[in-house]
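1. sequence unavailable; structure follows:
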């Protein structure tokens, strides 16, 4: 059998090439269509986001304007009155929650036998803490000094000072003491303190 091609132009099978080119063209067209749809969606999303940003910026400007107007409309004197009333209410709450039992237990552990407490008064100070003012009676100044030393060494007091001193008709020394009181755990009895 003879297998030679006697034609002047040889015949090539070009169908496979055309088929591959048609598939590639269809793929390119499909990707182009997908990209156009995606571009359209992203463009519309960008327009929505831009409008949302502009709306948010308008709201921020309006809120800033309202805040500016509100700040200028605030009456400073009225605000100071409200702040003073709030401070007074807080002081009352602090006095209400003041632990008398804790304070009295501390004083009992530090009080020398020859010193008597006549009165006790909690006094809120300007620093937000609590001072305690008390009037004590004793025959000798040394006993009051011992009491003050014990208060500051183990009863949660600091900066204790004598505000006034006088002598009663019975010949007792009457001293008004005031010190910064810090509530905390119950103190141990002072060294050398008498059991009562």
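-> Okay, I see it. All figures in this text were calculated on a predicted structure; none of them were measured in a lab. Numbers count the residues shown, from 1 in each chain.

2. so which strand or helix has residue 19?
-> Assessed by DSSP states H and E, residue 19 sits inside helix 15-73.

3. what mean pLDDT does the helix or strand following that helix have?
-> With elements assigned by DSSP H and E, the helix or strand that comes after helix 15-73 is helix 76-96. Mean pLDDT, computed over helix 76-96, is 78.

4. what sits up against helix 76-96?
-> Residues outside helix 76-96 that contact it (C-beta atoms under 8 Å, 6 or more residues apart in numbering): 122, 124, 130. In short, each C-beta sits where N, CA and C put it, glycine included.

5. which of those residues are buried?
-> Neighbour counting by 16 or more other C-beta atoms under 10 Å classes 122, 124, 130 among those as buried.

6. now those residues as JSON lines including distance to residue 176?
-> Output for the buried ones among the contacts of helix 76-96, formatted as JSON lines (distance: C-beta to C-beta, whole Å):
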{"residue": "122", "distance to residue 176": "14"}
{"residue": "124", "distance to residue 176": "18"}
{"residue": "130", "distance to residue 176": "17"}
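
7. with respect to pLDDT, which of these ranks lowest?
-> Among the buried ones among the contacts of helix 76-96, residue 124 has the lowest pLDDT, at 71.

8. quick one: contacts for residue 146?
-> Counting by C-beta under 8 Å, 6+ apart, residue 146 makes contact with 112, 115.

9. inside strands: which ones of the buried ones among the contacts of helix 76-96?
-> Taking DSSP state E, the ones among those that sit in strands are 122, 124, 130.

10. closest to residue 141 out of those residues?
-> Residue 141 lies nearest to residue 122 out of these, by C-beta to C-beta, at 25.5 Å.

11. partner residues bridging that closest one?
-> Taking DSSP bridges, one finds residue 132 as the beta-bridge partners of residue 122.

12. am I right that it is in contact with residue 179?
-> No: in this structure residue 122 lies outside contact range of residue 179 using C-beta atoms under 8 Å: 11.4 Å.

13. joint contacts of those two?
-> Counting by C-beta under 8 Å, 6+ apart, the residues touching both residue 122 and residue 179 are 131-132.

14. and stretch 141-148, what's buried?
-> Neighbour counts over stretch 141-148 (16+ other C-beta under 10 Å) mark 143-144, 146-148 as buried.

15. what's the spacing between residue 154 and residue 112?
-> The gap separating residue 154 from residue 112 is 13 Å, by C-beta to C-beta, to the nearest Å.

16. who has more neighbours, the two?
-> Set side by side, residue 154 and residue 112 show more neighbours around residue 112, with 22 against 17, by other C-beta atoms under 10 Å.

17. domains for the chain, by residue range?
-> Domain ranges of the chain: 14-73, 99-181, per automatic domain parsing.

18. so of those, which one's packed in deepest?
-> Comparing these by mean neighbour count (mean count of other C-beta atoms under 10 Å), domain 99-181 ranks first with a mean of 16.
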